[in-house]
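Participant: no FASTA, just this:
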DNA sequence: GAAGGATATTTGCATTTGCATTTAATTCTG
DNA sequence: CAGAATTAAATGCAAATGCAAATATCCTTC
């Protein structure tokens, strides 16, 4: 099936505000900017903040897995981990069965730092959904999960 | 109303894959990466590609408006416009009533370039929604529009 | 109508980013 | 089991980014 020969409605016909990727970029652009401004005060960049968030939920992932979860380039992540390690918020640990691989863990200090961050993230997320009924929110998340399954490259 | 004292469910309780901002970042990370890889072949960066896309729909916006639409920092956009102008894809034009302001227009060459890009963008967008019924897609976009209204800082 | 403040864009500069490469270790194949 | 191919992570380096400052213009107010 050659997708090249498919015909698509023009963007002008759909309209920018009916084109889902446009809306999602606009929304996440603002959401991420809000979080970033708040985190900058505490000396955290987006990759560092996301690392803490994911590690609060996922125990000891490999660095390459963490790169997928955080949606951060592996080389960028590697450097973010250097900083977090220096600050004592995470620790790297060699994988038991594969000595190329490195697993990453939150330290107690890292977990404590994330606890102070999370309310800001949760508040921003709640603001996104203000005035949107629970049922609609659940349907929205369900659609997002299907979309991720459609597009993801990695099995995690 | 102090939001600082609100209590939020922990991220661990919600689960990463039920947290909408996480899902949206994962999805748009992959979507944007796919587009970026394809555009790199043609010498277009994300800011340049988005500029062409928005200009195909919005006639002669101010640069600061274009920055909002494209979700690109204004200084970054300014430099992207330099390149697009050099390549003959857009032109800047002084605003009639405010000589500080600059309006941006697609040239014929720019429009032609976008026409070749759009099928890729549309195909990637369609892939996101593969297997998702039309009705669900419409509901999803409607929710996105509400979310944008909730979070946007600018009146455009 | 002049001065002070606001706004639109560009530019200087230091930081961040990402691609490509390197290093190190593992797995596959004949 | 040797050697080739693959994989994980770190690093060198050029390019992209974003903040802050500069420049130019406009608006307000007295």
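Facilitator: Perfect, I can see it now. Predicted model, so just to flag it, every value in this text is computed and none were measured.
Participant: give me the residue at the spatial middle of chain A.
Facilitator: For chain A, the residue nearest the mean C-alpha position is residue A:70 (4.3 Å; C-alpha atoms, centre = their mean).
Participant: how about that residue, what does it touch?
Facilitator: With contacts defined as C-beta atoms under 8 Å, 6 or more residues apart in numbering or on different chains, residue A:70 is in contact with A:47, A:50, A:51, A:54, A:77. Where you see a C-beta, it was placed from the backbone N, CA and C, and this is true even at glycine.
Participant: any chance of these in TSV, plus neighbour count and distance to residue B:131?
Facilitator: Shown next, in TSV, are the contacts of residue A:70 (neighbours: other C-beta atoms under 10 Å in any protein chain shown; distance: C-beta to C-beta, whole Å):
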residue	neighbour count	distance to residue B:131
A:47	21	32
A:50	23	29
A:51	28	32
A:54	23	28
A:77	23	31
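Participant: can you narrow those down to the ones near DNA strand C?
Facilitator: Residues of those in contact with DNA strand C (C-beta under 7 Å from any atom of the strand): residue A:47.
Participant: check the contacts of residue A:70 against residue B:89 and report the nearest one.
Facilitator: Distance to residue B:89, by C-beta to C-beta, is smallest for residue A:47 among the contacts of residue A:70, at 32.3 Å.
Participant: where does pLDDT dip in chain A?
Facilitator: Residue ranges of chain A with pLDDT under 70: A:1-6, A:153-156.
Participant: tell me the strands in it, going along the chain?
Facilitator: A:90-94, A:102-106 (DSSP state E).
Participant: which residue sits closest to the residue nearest to the centre of chain A, ignoring its sequence neighbours?
Facilitator: Spatial nearest neighbour of residue A:70, chain neighbours left out: residue A:50 (4.0 Å); criterion: C-beta to C-beta, 6 or more residues apart in numbering or on different chains.
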